[in-house]
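Novice: Here's a sequence, model it:
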Amino acid sequence: MTSASSHVRARVWFTDGPKATYPEQTHRSVLLPPALTGVCFSGGGTRSYAATVGQLRGLTATGLINRVGYLSAVSGGAWAATSYTYYPPTEGVDSDLDLLGAPTDPEELSLGALSQLDPRALGFAATGDFLAALAAARAVRSVGRDAVWTRAVGRTFLSPFGLYDPDQPVSFTLDNSTAKEIRRRHSSLQHFRLHTVRAAAYRPYLLVHSALNWPSDESDLTRVNLVGFEYSPLGIGSGQRLTLRSGGHPAHTVGGGFVEPFAFGSNAPHVGPAADGLVTLTLPSNPFTLADAIGASSAFSTPDRDLRGYPHATYWPLCRSNSAGTSEVFTDGGDVENYGLISLLRRGVKAVVVFINTMWPLSVDHDPENWPGHGAVDPSLAPLFGAPGTRFSHNRVFPEADYAVVVAGLQAAKRRGDTVMTITRHVVQSNPWWGLTGDAEVTVCWCYNEHVERWVSLLSAPLRRLVQQGRSGKPDGPFAHFPHYLTRGQNPGTLIRLTPAQVNLLAHLSCWNVMEKQDVLGDVFDLA
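Specialist: Numbering: from 1, shown residues only. This next block holds a predicted model:
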């Protein structure tokens with residue numbers, strides 16, 4: 001940790017405008033995107049966490065992960081993707097096989113085997129007692145209300161992998177070369193600790209998403225501007241510069257670029273960047289951590305939300321002229337865009353796999369020629385095609401007519417009892433809010449968390465009965481609602497905690513979907 005009075009130099013990137021250059025596009029490293037391809041892991045708490053573990057397992061086992069340029073993740077998906085990206089070798093967890101587990105044929109699964117989960121494996125964190133972690137964080141007098149959630153998230157999802165210690169906060173960067181460069185800039189940084197992306201195996205470039213809320217003193221979401229915000233190994237910020245307005249408040253500017261993670265939360269620099277792209281600033285007293293990133297990404301809104309309990313950080317927009325920093329509120333990335341897809345479109349990605357790890361079953365009775373009613377399909381999908389409504393009103397990025405094609409393809413797969421997946425090609429629409437000029441083309445493979453009859457039919461009879469019991473009119477048993485576990489309160493007396501059997505079963509289904517469709521997914525990546 002550096003002194004709060006340490007004046008150091010930090011790198012910034014200006015990305016205002018449609019031809020933006022992002023941090024990862026200017027830095028040479030073997031860890032940066034090899035192709036304009038991406039995989040999105042949606043939000044969805046521990047349900048999405050478990051599904052993401054299985055999807056990463058399948059992508060790794062097939063070798064497809066090596067063809068992915070970006071992992072773009074929100075909330076529960078970000079919990080898993082962040083540990084996967086950064087975890088260091090630890091005793092007994094030396095490889096991705098140790099971390100993710102091995103693919104297993106459905107015929108080989110049993111309730112006894114599903115109930116076993118190695119504490120060193122990535123999936124185990126979803127079984128942690130999150131309510132106890134929250135209580136422990138609240139009991140520490142020195143922890144402000146706005147840091148309680150982050151501390152509990154870090155303890156639950158990062159500490160098991162050596163990526164979070166609240167008593168010794170550590171920031172993060174891309175690799176050893178960027179860490180060395182940062183340390184060379186000032187004597188106070190010579191021993192500055194930084195987590196780096198795991199180098200023992202290839203990792204796609206990670207994007208974690210949250211929502212900047214402005215006005216920051218407004219608790220009513222209907223009167224709040226929600227702006228997409230990104231955390232990545234090289235930079236934190238918001239790409240598109242926006243001038244926000246709200247009655248009774250002066251206009252407020254956000255976005256326009258990124259600053260290195262170790263410097264995020266500082267006060268604004270007094271002078272703009274030098275020719276080398278560095279600004280001089282005073283570091284915050286505590287470094288920005290991976291826990292801060294995933295804590296913000298998953299800080300879900302409640303009907304009576306109290307802004308004092310949400311993550312806050314000092315933030316200043318990237319403008320060519322000086323702009324003062326202000327304290328901003330950050331909430332769940334799902335408040336603004338739950339897939340992490342639009343940020344990839346802004347980067348010009350050509351082929352994307354979107355894992356919609358939802359709690360909403362896909363209705364085969366929904367007429368895709370009409371906008372969906374409540375509960376017919378995941379609520380974040382239709383707004384991408386311009387569905388009317390106050391929520392996600394800025395998110396239209398594809399032609400309206402394409403919605404019917406996507407949903408009909410997913411419905412057809414569900415009726416066949418197959419993996420609920422469809423591939424569509426879209427022309428990106430102009431969207432000034434997100435900085436999209438339109439006309440680019442992208443291929444999207446939509447993979448929906450759904451009951452797959454073909455997979456269920458391969459399970460042993462006892463396990464199949466338990467799955468069917470969980471899908472009945474009154475879901476019951478150890479796999480109630482499977483695979484659509486509730487985001488909150490799946491198990492009595494818990495907030496987000498799942499059992500080992502619940503985590504394992506969903507991860508096995510999600511992995512199987514990837515393994516079964518590996519040729520299809522490979523063809524998608526070939527289109528980039």
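
Novice: Show me the helices in this structure, by range?
Specialist: 45-61, 75-86, 96-100, 111-114, 130-138, 145-157, 176-184, 290-297, 342-346, 402-416, 453-456, 461-470, 500-516, 518-526 (DSSP state H).

Novice: Format the ones you listed as a markdown table; extra columns: mean pLDDT.
Specialist: Shown next, in a markdown table, are the helices of the chain (pLDDT from 0 to 100):
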| stretch | mean pLDDT |
| --- | --- |
| helix 45-61 | 98 |
| helix 75-86 | 98 |
| helix 96-100 | 93 |
| helix 111-114 | 97 |
| helix 130-138 | 97 |
| helix 145-157 | 97 |
| helix 176-184 | 93 |
| helix 290-297 | 98 |
| helix 342-346 | 96 |
| helix 402-416 | 98 |
| helix 453-456 | 98 |
| helix 461-470 | 97 |
| helix 500-516 | 98 |
| helix 518-526 | 97 |
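
Novice: out of those, nearest to residue 393?
Specialist: Using C-beta to C-beta as the measure, helix 342-346 is the one of those that comes nearest residue 393, at 13.4 Å. Bear in mind the C-beta positions are built from the backbone N, C-alpha and C, glycine included.

Novice: Send me that closest one as PDB with only the CA atoms.
Specialist: Provided in PDB are the C-alpha atoms of helix 342-346 (Å, rounded to 0.1, in the frame of the first residue of the first chain):
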ATOM      1  CA  ILE A 342     -22.700  -4.100 -26.000                       C
ATOM      2  CA  SER A 343     -19.200  -3.300 -24.900                       C
ATOM      3  CA  LEU A 344     -18.000  -6.000 -27.300                       C
ATOM      4  CA  LEU A 345     -20.000  -4.500 -30.200                       C
ATOM      5  CA  ARG A 346     -18.300  -1.200 -29.400                       C
END
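
Novice: so what's residue 412 closest to, chain neighbours aside?
Specialist: What sits nearest to residue 412 in space, not counting adjacent residues and going by C-beta to C-beta, 6 or more residues apart in numbering, is residue 422, at 7.6 Å.

Novice: Let's test this: mean pLDDT of the lengthiest strand in the chain, rounded?
Specialist: Longest strand of the chain, by residue count under DSSP state E: strand 205-214. Average pLDDT, strand 205-214: 97.

Novice: What is that strand packed up against?
Specialist: strand 70-74, helix 75-86, strand 225-231, strand 249-254, helix 290-297, strand 326-332, helix 342-346 (3 or more C-beta pairs under 8 Å, 6 or more residues apart in numbering; DSSP states H and E).

Novice: Can I get the helices of the chain in TSV including distance to residue 257 and mean neighbour count?
Specialist: Below are the helices of the chain laid out as TSV (distance: least, C-beta to C-beta, whole Å; neighbours: other C-beta atoms under 10 Å):
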stretch	distance to residue 257	mean neighbour count
helix 45-61	29	29
helix 75-86	22	29
helix 96-100	33	20
helix 111-114	46	14
helix 130-138	32	16
helix 145-157	24	23
helix 176-184	17	16
helix 290-297	17	30
helix 342-346	13	25
helix 402-416	31	18
helix 453-456	45	16
helix 461-470	47	15
helix 500-516	35	25
helix 518-526	29	16
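
Novice: Which of these sits closest to residue 11?
Specialist: helix 176-184 (8.5 Å).

Novice: export that closest one as CSV, just CAs?
Specialist: Extracted in CSV, the C-alpha atoms of helix 176-184 (Å, rounded to 0.1, in the frame of the first residue of the first chain):
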residue,chain,number,x,y,z
ASN,A,176,4.4,-8.9,-15.1
SER,A,177,5.5,-6.4,-17.7
THR,A,178,2.8,-3.9,-16.9
ALA,A,179,3.4,-4.5,-13.1
LYS,A,180,7.1,-3.7,-13.6
GLU,A,181,6.4,-0.6,-15.6
ILE,A,182,4.0,0.7,-12.9
ARG,A,183,6.6,0.1,-10.2
ARG,A,184,9.3,1.9,-12.1
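
Novice: And the contacts of that helix?
Specialist: 27, 29, 173, 189-192, 194, 196, 199, 233-234, 260, 262 (C-beta atoms under 8 Å, 6 or more residues apart in numbering).

Novice: If any of these are buried, give me the ChimeraX selection for them.
Specialist: To isolate the buried subset of these in ChimeraX, counting by 16 or more other C-beta atoms under 10 Å, use the following:
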select :27,173,189,192,194,196,233,234,260,262
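
Novice: Which of the contacts of helix 176-184 scores worst on pLDDT?
Specialist: Out of those, that is residue 29, at 62.

Novice: from what I can see residue 428 touches residue 397, true?
Specialist: Yes: here residue 428 reaches residue 397: they are 5.9 Å apart, a contact under C-beta atoms under 8 Å.

Novice: Could you check which of these two has the larger neighbour count?
Specialist: residue 397 (24 against 20; other C-beta atoms under 10 Å).

Novice: Surely the more buried one touches residue 429?
Specialist: Yes: counting by C-beta under 8 Å, residue 429 is a contact partner of residue 397 at 5.6 Å.

Novice: list residues touching both of these two?
Specialist: What both residue 397 and residue 429 touch, as defined by C-beta under 8 Å, 6+ apart, is the set residue 436.

Novice: if I look at the closest residue to residue 398 other than its chain neighbours, how far off is residue 445?
Specialist: Spatial nearest neighbour of residue 398, excluding adjacent residues (C-beta to C-beta, 6+ apart): residue 426 at 4.5 Å. Distance, residue 426 to residue 445, using C-beta to C-beta, to the nearest Å: 12 Å.

Novice: Contacts for stretch 116-136 next, please.
Specialist: By C-beta under 8 Å, 6+ apart, stretch 116-136 touches 46, 49-50, 53, 56, 79-80, 83-84, 87, 90-93, 98-101, 148-149, 151-152, 155-157, 160-161, 494-500, 503-504, 507.

Novice: ok, now stretch 96-108?
Specialist: Here stretch 96-108 makes contact (C-beta under 8 Å, 6+ apart) with 53, 56-58, 60-61, 84, 87, 92-93, 120-123, 201, 455-456, 458-460, 507-508, 511-512, 515.

Novice: If we use 7 Å, what do you get?
Specialist: Stretch 96-108 is contacted from outside by 53, 56-58, 60-61, 87, 92-93, 120-123, 201, 455, 458-459, 508, 511-512, 515, using C-beta atoms under 7 Å, 6 or more residues apart in numbering.

Novice: for the residue nearest to residue 398, which residues make a bridge with it?
Specialist: residue 442 (DSSP bridges).

Novice: That one touches residue 446, doesn't it?
Specialist: No: Residue 426 is beyond contact range of residue 446, at 10.8 Å (criterion: C-beta atoms under 7 Å).

Novice: ok, these two, which is more surrounded?
Specialist: Each of residue 426 and residue 446 has its neighbours counted (other C-beta under 10 Å); residue 446 has more, 24 against 20.

Novice: my guess is residue 12 contacts residue 274, does it?
Specialist: No: counting by C-beta under 7 Å, residue 12 does not reach residue 274; the two are 10.3 Å apart.

Novice: neighbour-wise, which of those two wins?
Specialist: A count of neighbours by other C-beta under 10 Å puts residue 12 above the other of residue 12 and residue 274, at 22 against 10.

Novice: In contact with the more buried one, which residues are there?
Specialist: Going by C-beta under 7 Å, 6+ apart, the list of residues near residue 12 reads 257, 258, 259, 273, 277, 279, 318.

Novice: among the helices of the chain, which is nearest residue 229?
Specialist: Across the helices of the chain, closest to residue 229 is helix 290-297 (C-beta to C-beta), at 7.5 Å.
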